[in-house]
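Visitor: Please work out how this folds:
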Amino acid sequence: MTEAQSSQQFVQMSDEEAMYQEEVQKLEKRGKRLRRAALTAGIFSVVSIICTIYTTIAVRWVLIEWQQPEKTAYEISESMPMYKFGIIGDIVVVISDTLVGVLLGLILIGAGVNPATSSILIAFKLIQQAINGANVLFSIAAGLMLDENLPIYEVVQKYFYSDNMPPIGTQIAYMFLMLNQYGHYFMQIFGGVFFGLLGFTIVLWGVFPRWMGYIMSLAGFCYILNSSLFLFWPGYDGTVTFILLAPALITHFWLAGWLLVNTPHPSKNRDLWSFQKTEAEDEPASEYEAPEKPQK
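Guide: Prediction:
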């Protein structure tokens with residue numbers, strides 16, 4: 001081998017080394033961006049879960065008695081600060097869930113999932129939260145009819161309560177609460193579609209643990225079924241609601257916890273109908289793997 005050939009080979013290998021280092025740096029930056037996005041989404045998911053627990057227990061379970069409108073109006077009037085904190089919690093849920101949906105879509109795109117799929121997921125999440133925002137307006141309207149500390153309280157009493165038996169204001173407030181409740185069921189249909197599509201995407205492309213995708217798909221179906229029973233099945237009283245919402249409860253906590261401590265790993269096409277799987281397909285990678293270093 002001549003000296004010129006040796007020099008040319010050295011230059012060629014140096015170029016390969018430079019390309020390798022550049023690729024490693026790109027993967028490292030990509031992994032850091034996804035980690036920051038996952039951490040942010042995890043934090044907002046936790047905030048959403050906490051606020052949802054409060055509004056469900058403090059408002060929907062404690063203050064509202066659907067069979068007794070007068071008692072419901074009295075309880076809300078006497079516990080108006082608790083009711084208003086519930087409204088604030090609902091507003092925080094709308095903001096947090098919107099950010100989580102957008103961040104999850106961006107994470108999927110950054111991990112290599114088809115942008116069209118991610119865009120569809122974001123669209124369903126935005127529609128869901130738009131409906132949820134309308135539900136918050138119904139809660140605010142109900143509070144306006146029952147809040148004794150409002151500057152216009154005397155006007156409300158004069159036109160909606162005085163000489164009206166039963167009081168029209170109580171009936172209107174109860175109707176707003178009913179619209180909020182059934183709007184919540186309607187919202188969950190779009191949430192179920194979002195969960196189902198996201199679960200299927202996880203199973204197909206990876207990024208998150210595969211079993212999370214299976215349970216998330218089941219949770220999406222259960223969301224749609226539960227809401228459809230309330231909206232379209234005459235006389236349904238929520239007998240199996242707790243069973244139907246169990247997969248969603250598991251998924252929400254699992255997704256939030258996973259996002260807080262893990263980095264989404266690169267997407268990969270998976271064989272949905274094959275029972276043979278490797279460890280790499282089921283275990284998320286904590287770091288993006290660098291390409292194989294060129295041999296000298």
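Visitor: Just give the nearest non-adjacent residue to Ile120, would you?
Guide: Nearest residue to Ile120, sequence neighbours excluded (C-beta to C-beta, 6 or more residues apart in numbering): Leu197, at 6.6 Å. For glycine as for every other residue, the C-beta is placed from the backbone atoms N, C-alpha and C.
Visitor: What strand or helix carries that neighbour?
Guide: helix 168-205 (DSSP states H and E).
Visitor: Could I get the average pLDDT for that helix?
Guide: Helix 168-205 shows a mean pLDDT of 92 in the predicted model.
Visitor: Who are the packing partners of the very next helix or strand once past that helix?
Guide: Scanning forward in sequence from helix 168-205 by DSSP H and E, the next helix or strand is helix 210-232. Counting by 3 or more C-beta pairs under 8 Å, 6 or more residues apart in numbering; DSSP states H and E, the packing neighbours recorded for helix 210-232 are helix 168-205, helix 241-244, helix 246-261, helix 279-282.
Visitor: Now helix 210-232: buried residues?
Guide: Neighbour-count burial for helix 210-232 flags 210, 212-224, 226-227, 229-230 (criterion: 16 or more other C-beta atoms under 10 Å).
Visitor: quick one: which of the helices and strands packed on helix 210-232 is nearest Glu70?
Guide: The minimum distance between Glu70 and the helices and strands packed on helix 210-232 falls on helix 168-205, with 6.1 Å, by C-beta to C-beta.
Visitor: chain center to the helix or strand harbouring Asn132, what's the gap?
Guide: Using DSSP H and E, Asn132 sits within helix 115-146. Distance of helix 115-146 from its chain centroid, counting by C-alpha atoms, centre = their mean, to the nearest Å, is 12 Å.
Visitor: helices or strands next to the following helix or strand past it in the packing?
Guide: Using DSSP H and E, the helix or strand that follows helix 115-146 towards the C-terminus is helix 153-160. Applying 3+ C-beta pairs under 8 Å, 6+ apart, one finds that helix 153-160 contacts helix 115-146, helix 168-205.
Visitor: buried sites along helix 153-160?
Guide: Those would be Val156, Phe160, for helix 153-160 by 16+ other C-beta under 10 Å.
Visitor: Stretch 115-132 too?
Guide: By neighbour count with 16+ other C-beta under 10 Å, stretch 115-132 contains the buried residues 117-118, 120-122, 124-129, 131-132.
Visitor: in this protein, what spans have low per-residue confidence?
Guide: Low-confidence regions of the chain, defined by pLDDT under 70, span residues 1-31, 162-166, 267-296.
Visitor: make it 50
Guide: 10-11, 271-290 (pLDDT under 50).
Visitor: quick one: the most centrally placed residue in the chain from Ile140, how far?
Guide: Nearest to the geometric centre of the chain sits Asp97, at 4.8 Å (C-alpha atoms, centre = their mean). Distance of Asp97 to Ile140, given as C-beta to C-beta, to the nearest Å: 18 Å.
Visitor: what's the spacing between the residue nearest to Trp66 when sequence neighbours are not counted and Pro266?
Guide: In space, and not counting its chain neighbours, Trp66 is closest to Thr72: 7.5 Å by C-beta to C-beta, 6+ apart. Per C-beta to C-beta, Thr72 is found 52 Å from Pro266.
Visitor: Redo the buried residues of stretch 115-132 as TSV? Include distance to Gly235.
Guide: Output for the buried residues of stretch 115-132, formatted as TSV (distance: C-beta to C-beta, whole Å):
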residue	distance to Gly235
Thr117	39
Ser118	40
Ile120	35
Leu121	35
Ile122	37
Phe124	30
Lys125	32
Leu126	33
Ile127	29
Gln128	27
Gln129	30
Ile131	25
Asn132	26
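Visitor: Looking at these, point me to the pair that's furthest apart.
Guide: Farthest pair in those, by C-beta to C-beta: Thr117 and Asn132, 23.1 Å.
Visitor: contacting residues around Ile87?
Guide: Going by C-beta atoms under 8 Å, 6 or more residues apart in numbering, Ile87 touches Val136, Ser139, Ile140, Gly143.
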